[in-house]
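Peer 1: from the sequence below, what's the structure:
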Amino acid sequence: MNTLEKRAIKAEVGRAKPPAHELVYQQLRARILFGDIAPGQAVTIQGLIETLGAGMTPVREAIRRLTSDGALEFQGNRRVCVPKLTLESIEEIDFMRKSLEPELTRRAAERADQGQIGMLVEIDTALDSAISLGDVNGYLEHNYQFHATLYSIANAPVMAAVADRLWLRFGPSLRVVCGRFGTQNLPDKHHALLDALRNRDAFLAGQSMKEDVEQGMMQIRAALELSPARN
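Peer 2: Numbering: from 1, shown residues only. Next up is the predicted model:
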């Protein structure tokens with residue numbers, strides 16, 4: 001179980017004991033989001049039951065929800081897989097991300113208080129440490145946490161929910177990017193973004209996020225083009 005899974009479960013437990021199907025959903029979602037299940041890798045439902053240590057019913061419910069989110073697809077014979085990205089789907093995701101995420105960032109810049117900015121700085125410091133150490137898991141988890149925390153500050157739940165679903169579509173491929181290019185060359189516009197938040201410069205914050213998205217999607221596109229499956 002990774003760090004974000006533990007934090008999510010701990011937070012839920014702090015409120016009230018969550019139902020088993022919600023815990024299983026969050027665990028499987030995290031495994032997909034951070035590339036523990038590689039795009040195109042088929043896994044059996046029984047295998048997921050054993051891996052997650054859960055019963056058939058909550059695993060099936062988690063699969064149903066994640067299939068609805070576009071994060072999984074059925075392959076028959078009781079198998080599911082994380083869909084592979086195509087160049088066409090990357091173009092769609094790129095357009096959607098550049099439409100949503102800079103706007104969420106602009107809204108966050110108008111609302112963020114010093115405590116929230118400090119929380120983002122703490123996450124980004126951990127992200128920088130993961131990059132310097134070549135810690136792929138740490139990079140993936142803290143990068144997602146930075147974006148998810150920022151978008152929660154925007155107080156635009158409909159847009160944030162759509163953005164989060166998009167992360168389920170391209171997030172698994174970020175591990176492929178790390179495998180191709182390592183962590184040292186990964187894009188990071190977060191420092192400029194944080195400066196903009198401190199100055200309440202919504203325009204510059206949104207522009208920094210747009211550049212962050214463009215660089216990230218460019219890396220995913222490059223990794224896909226280098227994939228042996230395309231040769």
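Peer 1: any weak-confidence spans in this structure?
Peer 2: Low-confidence segments of the chain, defined by pLDDT under 70: 1-16, 180-188, 227-231.
Peer 1: helices of that one, start to end?
Peer 2: Assigned by DSSP state H, the chain shows helices spanning 3-15, 20-33, 45-52, 56-68, 87-111, 114-133, 136-153, 157-181, 190-198, 202-225.
Peer 1: nearest to Pro39, out of those?
Peer 2: helix 157-181 (5.1 Å; CB to CB). C-beta here means a position set from N, CA and C on the backbone, and glycine is covered the same way.
Peer 1: show me what the closest one is packed against.
Peer 2: helix 20-33, helix 87-111, helix 136-153, helix 202-225 (3 or more CB pairs under 8 Å, 6 or more residues apart in numbering; DSSP states H and E).
Peer 1: got the helices of the chain as TSV, with distance to Pro39 columns?
Peer 2: Listed next are the helices of the chain as TSV, based on distance: least, CB to CB, whole Å:
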stretch	distance to Pro39
helix 3-15	20
helix 20-33	9
helix 45-52	16
helix 56-68	14
helix 87-111	11
helix 114-133	22
helix 136-153	14
helix 157-181	5
helix 190-198	25
helix 202-225	9
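Peer 1: now render those as JSON lines, adding mean neighbour count.
Peer 2: Conversion of the helices of the chain to JSON lines gives the following (neighbours: other CB atoms under 10 Å):
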{"stretch": "helix 3-15", "mean neighbour count": "13"}
{"stretch": "helix 20-33", "mean neighbour count": "21"}
{"stretch": "helix 45-52", "mean neighbour count": "15"}
{"stretch": "helix 56-68", "mean neighbour count": "17"}
{"stretch": "helix 87-111", "mean neighbour count": "18"}
{"stretch": "helix 114-133", "mean neighbour count": "16"}
{"stretch": "helix 136-153", "mean neighbour count": "21"}
{"stretch": "helix 157-181", "mean neighbour count": "18"}
{"stretch": "helix 190-198", "mean neighbour count": "19"}
{"stretch": "helix 202-225", "mean neighbour count": "19"}
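Peer 1: give the contact list for the spatially closest residue to Ser89 that is not a sequence neighbour.
Peer 2: What sits nearest to Ser89 in space, not counting adjacent residues and going by CB to CB, 6 or more residues apart in numbering, is Arg169, at 7.4 Å. Taking CB atoms under 8 Å, 6 or more residues apart in numbering, we find Arg169 in contact with Gly70, Ala71, Pro83, Leu85, Ser89, Ile93.
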